[in-house]
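> Sequence and predicted model, in that order:
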Amino acid sequence: MIPIARPLIGPEEKAAVLAVLDSGQLTQGAVVAAFEEEFAALCGVRYAIATSSGTAALYLALLAHGIGPGDEVITTPFSFIATANSILATGARPVFVDIQPDTFTLDPRQVAAALTPRTQAILPVHLFGQPADLAELVALARRHRLALIEDCCQAHGALYRGQPVGSFGTGCFSFYPTKNMTTGEGGMVTTNDPHIAERVRLLRAHGMRQRYHHEIVGFNFRLTDLQAAIGRVQLRRLAEFTQRRQANAAYLTAHLPAPLMPPAVRPDRTHVFHQYTIRVPTRRDALAAALARRGVGTGVYYPVPIHQQPPYRERGYGQSLPVAEQASQCVLSLPVHPALTPDDRERIVAVLREGVAEVLQPVELSAVHDA
Ligand SMILES: *Cc1c(COP(=O)(O)O)cnc(C)c1O
């Protein structure tokens with residue numbers, strides 16, 4: 001089976017972990033500090049604060065911006081649920097607006113239409129590795145004095161008009177094993193604002209600047225030095241991982257059989273292909289099953305938009321967001337990760353052709369006969 005994702009962990013990562021184990025300093029220490037400094041350089045920001053997960057990064061970023069009960073945060077319904085759950089966890093209300101049909105990222109016009117006096121922040125997701133429409137979203141945030149919190153959990157190193165994601169607002173990254181780089185579990189908040197950085201640092205470790213003196217109520221959302229050691233090696237390899245993802249994506253796009261639609265890539269930004277997500281006009285699940293039978297793993301991100309998930313329905317969400325709902329019916333992600341071999345890529349394309357012939361072409365023919 002060619003899996004949809006596979007982390008690349010080599011001898012350098014293993015050696016780095018062993019060195020930390022031997023050092024006796026296991027949790028947040030000098031290795032986390034070095035990882036933060038190096039990650040800040042990737043994003044071109046002054047501060048990076050490591051956290052225990054991407055979810056923790058989002059939650060602490062929102063809290064650091066003072067988001068809480070009574071506030072509204074405008075976000076996308078087409079994401080991993082952590083994006084919206086982090087907003088709910090602060091006591092604020094996620095306000096879902098629709099996405100664009102080709103890039104699946106937040107539609108800035110819908111954001112503008114959803115602003116109210118309670119709006120405190122905009123939270124776009126750079127979904128599948130492609131930056132959202134940052135120029136429009138930054139302008140909206142400035143004009144209305146809102147926080148801009150970027151969910152960069154799928155977009156490590158992606159650029160928008162040459163500038164790294166995570167540097168436009170407050171960036172939140174994840175290092176879960178399927179992401180573009182991993183620490184097992186882990187996250188990072190990036191910012192140029194010293195107050196936000198300080199707030200996140202305090203919230204991350206029980207409000208302590210000085211040991212056992214607690215300035216605010218915080219939590220334990222620390223990253224360990226063991227994880228940071230893996231992260232530092234992965235960060236050095238990220239550019240190569242990204243090049244391989246992009247080369248795999250270019251190959252798939254060049255060979256994708258009709259009527260499958262390749263990912264839309266805007267010319268003014270880089271796509272780092274966390275996922276290579278095609279649109280299948282009909283019978284998506286049957287095609288996925290046909291590919292699985294032939295040894296090619298795929299993923300549906302996401303089969304149910306967040307506003308239709310049970311905890312959100314219970315909270316009274318259930319409005320119609322047709323573009324997100326349609327996307328959840330037709331998206332299919334193919335393997336694009338850097339562990340793919342040239343043979344794997346050829347196999348994926350051959351199997352796609354067979355799958356299309358088996359599942360989609362009979363449908364097209366009967367549609368022609370009916371007409
Ligand atoms: C992975 C992910 C998260 C959450 O990150 P974790 O490290 O798993 O907590 C949040 N948002 C998006 C878009 C993600 O892909």
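Yep, it's here.
> Strands along this structure, start to end?
Ranges of strands in the chain, per DSSP state E, are 47-51, 72-75, 93-96, 119-123, 147-151, 159-160, 163-164, 170-174, 187-191, 208-210, 213-214, 276-279, 331-334.
> Looking at those strands, spot the one closest to the ligand.
Using C-beta to the nearest ligand atom as the measure, strand 170-174 is the one of those that comes nearest the ligand, at 3.3 Å. (Glycine included, C-beta is placed from N, CA and C.)
> Does the ligand have contacts with that closest one?
Yes: for strand 170-174, a contact with the ligand is found by C-beta under 6 Å from any ligand atom, at residue 174.
> helices or strands up against that strand?
Strand 170-174 is packed against helix 54-64, strand 147-151, strand 187-191, with contacts defined by 3 or more C-beta pairs under 8 Å, 6 or more residues apart in numbering; DSSP states H and E.
> Same list (the strands of the chain) but as CSV, adding mean neighbour count and mean pLDDT.
Converted to CSV, the strands of the chain look like this (neighbours: other C-beta atoms under 10 Å; pLDDT from 0 to 100):
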stretch, mean neighbour count, mean pLDDT
strand 47-51, 26, 98
strand 72-75, 25, 98
strand 93-96, 21, 98
strand 119-123, 24, 98
strand 147-151, 26, 98
strand 159-160, 20, 98
strand 163-164, 18, 98
strand 170-174, 30, 98
strand 187-191, 30, 98
strand 208-210, 11, 91
strand 213-214, 11, 92
strand 276-279, 24, 98
strand 331-334, 23, 98
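> Adding distance to residue 137 as columns, could you present these in a markdown table?
Conversion of these to a markdown table gives the following (distance: least, C-beta to C-beta, whole Å):
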| stretch | distance to residue 137 |
| --- | --- |
| strand 47-51 | 21 |
| strand 72-75 | 10 |
| strand 93-96 | 14 |
| strand 119-123 | 6 |
| strand 147-151 | 6 |
| strand 159-160 | 10 |
| strand 163-164 | 13 |
| strand 170-174 | 13 |
| strand 187-191 | 16 |
| strand 208-210 | 33 |
| strand 213-214 | 36 |
| strand 276-279 | 21 |
| strand 331-334 | 22 |
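> Of the ones you listed, which is nearest residue 300?
Of all these, strand 331-334 sits nearest to residue 300, with 6.3 Å by C-beta to C-beta.
> So the closest one, near the ligand or not?
No: using C-beta under 6 Å from any ligand atom as the criterion, no contacts between strand 331-334 and the ligand are found, and the smallest distance is 12.0 Å.
> How far does that strand sit from its chain's centre?
From the chain centre to the centre of strand 331-334 is a distance of 15 Å (C-alpha atoms, centre = their mean, to the nearest Å).
> for stretch 300-316, same thing?
In terms of C-alpha atoms, centre = their mean, the centre of stretch 300-316 is found 17 Å from the chain centre.
> check whether it contacts the ligand.
No: judged by C-beta under 6 Å from any ligand atom, stretch 300-316 and the ligand are separated, with a smallest distance of 8.3 Å.
> which residues touch that stretch?
Residues outside stretch 300-316 that contact it (C-beta atoms under 8 Å, 6 or more residues apart in numbering) are 77-81, 83-84, 88, 94, 96, 128, 275, 277, 284-285, 288, 317-319, 321, 324-325, 327-328, 331-333.
> Check which residues of that stretch are buried.
Of the residues in stretch 300-316, 300, 301, 302, 305, 306, 307, 308, 309, 312 count as buried by neighbour count, 16 or more other C-beta atoms under 10 Å.
> Just these: which are in helices?
Secondary structure from DSSP state H places residue 312 of these in helices.
> What about residue 360, how many residues nearby?
By the criterion of other C-beta atoms under 10 Å, residue 360 has 22 neighbours.
> how much space between it and residue 296?
With distances taken as C-beta to C-beta, to the nearest Å, residue 360 is found 15 Å from residue 296.
> hmm, which of the contacts of stretch 300-316 are the buried ones?
Restricting the contacts of stretch 300-316 to buried positions leaves 77-81, 83-84, 88, 94, 96, 128, 275, 277, 284, 288, 317, 321, 324-325, 327-328, 331-333, with burial counted as 16+ other C-beta under 10 Å.
> Could you list the contact residues of the stretch 101-250 of the chain toward the ligand?
Residues of the stretch 101-250 of the chain found near the ligand (C-beta under 6 Å from any ligand atom) are 125, 151, 153, 154, 174, 176, 187.
> got the phi/psi numbers for the third one?
Comment: the main-chain dihedrals of residue 153 come out as phi -60, psi -20, following degrees, to the nearest 10.
> residue contacts, it?
With C-beta under 8 Å, 6+ apart, residue 153 has these contacts: 54, 57, 58, 80, 82, 125, 172, 173, 174, 176, 179, 187.
> And for the fifth one?
Contacts here follow C-beta under 8 Å, 6+ apart; on that basis residue 174 touches 53, 54, 55, 57, 153, 154, 186, 187.
> Excluding residues flanking it in the chain, which one is nearest it?
Taking C-beta to C-beta, 6 or more residues apart in numbering as the measure, residue 174 lies nearest to residue 54, with 2.6 Å between them; neighbours along the chain are not counted.
> how close does the residue of the stretch 251-371 of the chain found nearest the ligand get to residue 19?
Sorted by distance to the ligand under C-beta to the nearest ligand atom, the residues of the stretch 251-371 of the chain start with residue 274, at 7.4 Å. Applying C-beta to C-beta, the value for residue 274 to residue 19 is 29 Å.
> Neighbour count: the two, which is higher?
Residue environment comparison for residue 274 versus residue 19 gives the larger neighbour count to residue 274, 27 against 13, counting by other C-beta under 10 Å.
> Quick one: neighbours of the residue of the stretch 51-200 of the chain found nearest the ligand, just the number.
With C-beta to the nearest ligand atom as the measure, residue 54 is the residue of the stretch 51-200 of the chain nearest to the ligand, at 2.4 Å. Applying other C-beta under 10 Å, we find 27 residues neighbouring residue 54.
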